[in-house]
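Novice: Provided below for reference: sequence and predicted model.
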Amino acid sequence: MSSESLERREAIRSSRRARYERMVEIRVLEDAVRALFAEGLVRGTTHTCQGQEAVSVGVAVALRPTDTVCCTYRGHGAALALGLTPLSVLGEIMGKEVGSIGGVGGSMHLCDTSVGLMPTMAIVGAGIPVAAGAALTAQVRGTDDVAASIFGDGAANIGAFHEGINLAAIWKLPVIFICENNHYGEYSRINLTTPIENLADRAISFNIPGEVVDGQDLDLVVDAVERAALRARAGEGPTLLEIKTYRYSGHSRSDTAAYRPEGELDEWLNRDPINIFGARLVAEGLLTEAEIEEIAADAQRAVDEAAAVAQDSPSAGIATMFANV
Amino acid sequence: MPRMRMNQAITAAIADEMRENPDVVVFGEDVAVAGGPFKTSDGLLEEFGPLRVRDTPISEMGFLGAAVGAAATGLRPVAEIMFIEFIGVALDQVVTEAAKFNYLSGGKVSCPIVVRASAGAGLGFGCQHSQMLDSWLIGNPGLKLAVTSGPGNAYGLMRSAIRDDGPVVVLEPRPLYAMRKEVRTGEDGIISLGKAFKRVEGDDITILALGSTVWASLEAVASAEGWSADVIDLQSLQPWDTEAVLRSVARTGRLATVEEGPLAGGWGAHVTSRVVADLFGELKAPPLRITSPDTHVPFVKELEDLYRPGAAYIAKQISALLETGEVPAHWWESEGAAA
């Protein structure tokens, strides 16, 4: 599993076409997850990331597999982007032995250290200081690894955000704070919970660079994260990136997102990250319209196959209740 | 064996581990330049340098989170919480992140952090700086808890805690920092987590004590007339030494737990239930819990002394149990103090 994750990671780092394919894979898998829930094949809850694919893939392209990534419970996209296979992600979501941690975690808990993914954390903001700590390891050991924490806009109002960034700033830790601003913290729009327009502005109070990034444009995300990683590796300390994007679905599986203003979703659908990047690859001559259709069909086939394999696989057994406690 | 105060023994244990293992790092509020508010890291900055010994902002959630991330990627952080109450703002990182990382990584990401904290009453710090709070920290799978009772086990438990591959909280009763005793250092001084230590042996009752109550219990036994007791210093609460406790109670037939902390939810209830379940038919008397009352730690010295189970009170309660075969009322019940 881990060598396959690493191969998948290298693929998107070296190939623009593979980046497109990975974004499509994420979209298709997230749609499949919602369908599996609807069919009753998955229990609990799940948080999907349709619309945010360029953020996940952009981060995974810009960072090395030896860098550490802390991610949230909305983590399927990041996990796939970092390299986890659809089977390992779907298996985990379905509580199966083939899942990334053997099915003990479910949708909110993925992990694969071979590509730097820490256990994803289901507590808002928790990963922010944890990423600072991973960066501390790099600093103490004198490696040029960096750490990144991917978190939502909702996390920008929790203490861990301020404490984690402050600590990283005073210690000049090689860490990138990536705020994936999808405009909603659970069911509440950001303007109802946060008194500023740009969360990147909060960087000023920590005396670190802060930058607003267009999260629907993969190339811009890659570029921003690469620059932040370069700074971190050079010993210049942390960066706060606010990557603006949009969550097409509700907060979790039971949320229909009826609270969204009319027309908002449509506006964002017009700037779909997969369409934007696909059109650019066509213009660059790296893809044809026919290939775009093939890629979508291939992704669907691969995800369906992974879902079928996962479904037929054994569930986490009683021994897992007592292992690794 | 060198004579040391408990705070010096703690420093020595950390320093010995730091010399052996470059992955051990220390951070917390005022631990580096100032050497710790209780001088539990005095000299570490000078010997190991600012990369490994760091002062943090007053930011427990931040630096315990950083400890988790550092541990998850290979370091062995020893983080100091100045007063155990301050863990309240950072408990997520200990209980929900650190304790679960191994489980949530399929065994790939261990989280060897040590959270050290001063704890307990006795020095007039008032009710927000005087609790033991051990009861918060038991019953969390994946998290270990040790409580020091003096220089000797502070050294030994600290070294084990740093070597442990999972998260460990070590509570250090604040009034004991100044206690000076001979300390066995080096490998021979290391005390395994989960092992109790029998401090005196006797026949009539098993007294389980922890931290400061170890000394009050020993004093009670020393003044006892007509009875003797095993006094067991539990040293660790999670896991606790079931075997040693059951062995002792099987012999004495009676059990008293001496706890600094509220009656409700205390560790004595947790331990007693196991002993009673296993040895019910062999008990010669009902189990006795000697605790603090269910109230806040008082500020005034006379009241704070009353809050902490003292030697005279312990002796009185045990004598009453032995004489009547029944559990006597708590002082606050019998004297109507709570009314």
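Specialist: Yep, that arrived. Numbering: from 1, shown residues only, chains lettered A, B, ... in the order given.
Novice: Please state the backbone phi and psi of the closest residue to chain A within the stretch 151-300 of chain B?
Specialist: Nearest residue of the stretch 151-300 of chain B to chain A: B:Gly166, at 9.1 Å (CB to the nearest CB). C-beta coordinates here come from the backbone N, C-alpha and C atoms, glycine included. Here is the backbone geometry of B:Gly166 (degrees, to the nearest 10): phi -120, psi 180.
Novice: Break down the chain into its helices, ranges please.
Specialist: If you meant another chain, say so; for now it's chain A. According to DSSP state H, chain A carries its helices in the segments A:2-14, A:16-38, A:53-62, A:76-82, A:86-93, A:127-141, A:159-170, A:190-193, A:218-233, A:264-269, A:273-283, A:289-312.
Novice: wait, chain B
Specialist: B:6-20, B:44-48, B:60-72, B:91, B:99-101, B:151-163, B:213-222, B:242-252, B:267-279, B:301-307, B:311-324, B:331-334.
Novice: list the helices and strands the third one packs on?
Specialist: When you say that, I think you mean helix B:60-72. helix A:127-141, helix A:159-170, strand B:24-28, strand B:76-83 (3 or more CB pairs under 8 Å, 6 or more residues apart in numbering or on different chains; DSSP states H and E).
Novice: Worst mean pLDDT among the helices of chain A?
Specialist: Lowest mean pLDDT within these: helix A:190-193, a mean of 92.
Novice: in it, what counts as buried?
Specialist: By 16 or more other CB atoms under 10 Å in any protein chain shown, the buried positions in helix A:190-193 come out as A:Ile190.
Novice: Show me how far that helix is from its chain's centre.
Specialist: 22 Å (CA atoms, centre = their mean, to the nearest Å).
Novice: Please name the residues that touch the residue of the stretch 151-300 of chain B closest to chain A.
Specialist: Contact partners of B:Gly166, counting by CB atoms under 8 Å, 6 or more residues apart in numbering or on different chains, are B:98-99, B:102, B:110-112, B:142-144.
Novice: Of these, which is the most crowded?
Specialist: When neighbours are taken as other CB atoms under 10 Å in any protein chain shown, the top entry among the contacts of B:Gly166 is B:Ala98 (30 neighbours).
Novice: nearest spatial neighbour of that residue, skipping sequence neighbours?
Specialist: B:Pro167 (4.0 Å; CB to CB, 6 or more residues apart in numbering or on different chains).
Novice: Mind pulling the model confidence for that neighbour?
Specialist: Turning to B:Pro167, the model gives it a pLDDT of 98.
Novice: returning to what we had before: what's the least confident stretch among the helices of chain B?
Specialist: Note on the helices of chain B: lowest mean pLDDT is at helix B:331-334, with a mean of 90.
Novice: Export only the CA atoms of that one, formatted as PDB.
Specialist: C-alpha atoms of helix B:331-334 as PDB (Å, rounded to 0.1, in the frame of the first residue of the first chain):
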ATOM      1  CA  TRP B 331     -15.200  14.400  59.300                       C
ATOM      2  CA  TRP B 332     -17.400  16.800  57.500                       C
ATOM      3  CA  GLU B 333     -20.400  14.600  58.100                       C
ATOM      4  CA  SER B 334     -19.700  13.800  61.700                       C
END
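Novice: circling back: ok, the residue of the stretch 151-300 of chain B closest to chain A to A:Met121 distance?
Specialist: In this view, B:Gly166 and A:Met121 are 17 Å apart by CB to CB, to the nearest Å.
Novice: Among the contacts of B:Gly166, which one lies nearest to chain A?
Specialist: For the contacts of B:Gly166, the nearest to chain A is B:Asn102 (4.7 Å; CB to the nearest CB).
Novice: Leaving out sequence neighbours, find the closest residue to whichever residue of the stretch 201-325 of chain A sits closest to chain B.
Specialist: Going by CB to the nearest CB, chain B is nearest to A:Asn324 of the stretch 201-325 of chain A, at 4.0 Å. Spatial nearest neighbour of A:Asn324, excluding adjacent residues (CB to CB, 6+ apart): B:Gly107 at 4.0 Å.
Novice: wait, that neighbour sits on A:Val325?
Specialist: No - B:Gly107 is beyond contact range of A:Val325, at 9.8 Å (criterion: CB atoms under 8 Å).
Novice: that older thread, for the residue nearest to B:Ala98, what are its contacts?
Specialist: B:71, B:94, B:98-99, B:111-115, B:142-144.
Novice: what does A:Thr72 give?
Specialist: A:120-122, A:124, A:127, A:150-152, A:155.
Novice: How about the residues of the stretch 151-300 of chain A by chain B?
Specialist: Counting by CB under 8 Å from any CB of the partner chain, the stretch 151-300 of chain A comes close to chain B at A:159-160, A:162-164, A:166-167, A:170-171.
Novice: most surrounded residue in those residues?
Specialist: The most crowded member of those, judged by other CB under 10 Å, is A:Gly164 (35 neighbours).
Novice: wait, doesn't that one sit right on A:Ala135?
Specialist: No - with contact defined as CB under 8 Å, A:Gly164 does not reach A:Ala135; the gap is 10.2 Å.
Novice: Give the buried residues for stretch B:123-135.
Specialist: For stretch B:123-135, by 16+ other CB under 10 Å, it's B:125, B:129-135.
Novice: With stretch B:144-161 instead?
Specialist: Applying 16+ other CB under 10 Å to stretch B:144-161 flags B:144-161 as buried.
Novice: circling back to that earlier point, please identify the most buried of the helices and strands packed on helix B:60-72.
Specialist: Among these, helix A:127-141 has the highest mean neighbour count (mean count of other CB atoms under 10 Å in any protein chain shown), at a mean of 29.
Novice: Do that one and chain B come into contact?
Specialist: Yes - counting by CB under 8 Å from any CB, chain B is contacted by helix A:127-141 at A:128-141.
Novice: any idea how far that helix is from the chain center?
Specialist: With CA atoms, centre = their mean, you get 19 Å for helix A:127-141.
Novice: can you list the domains in chain B?
Specialist: With domains defined by automatic domain parsing, chain B comprises B:3-189, B:197-334.
Novice: Would you point to the one among the ones you listed that's packed deepest?
Specialist: domain B:3-189 (a mean of 22).
Novice: Which residue, neighbours along the chain excluded, lies closest to A:Pro129?
Specialist: Using CB to CB, 6+ apart and skipping residues adjacent in sequence, the residue nearest A:Pro129 is B:Gly65, 2.5 Å away.
Novice: And B:Val258, by the same measure?
Specialist: In this structure, B:Val258 finds its nearest non-sequential neighbour in B:Thr213, 4.2 Å apart by CB to CB, 6+ apart.
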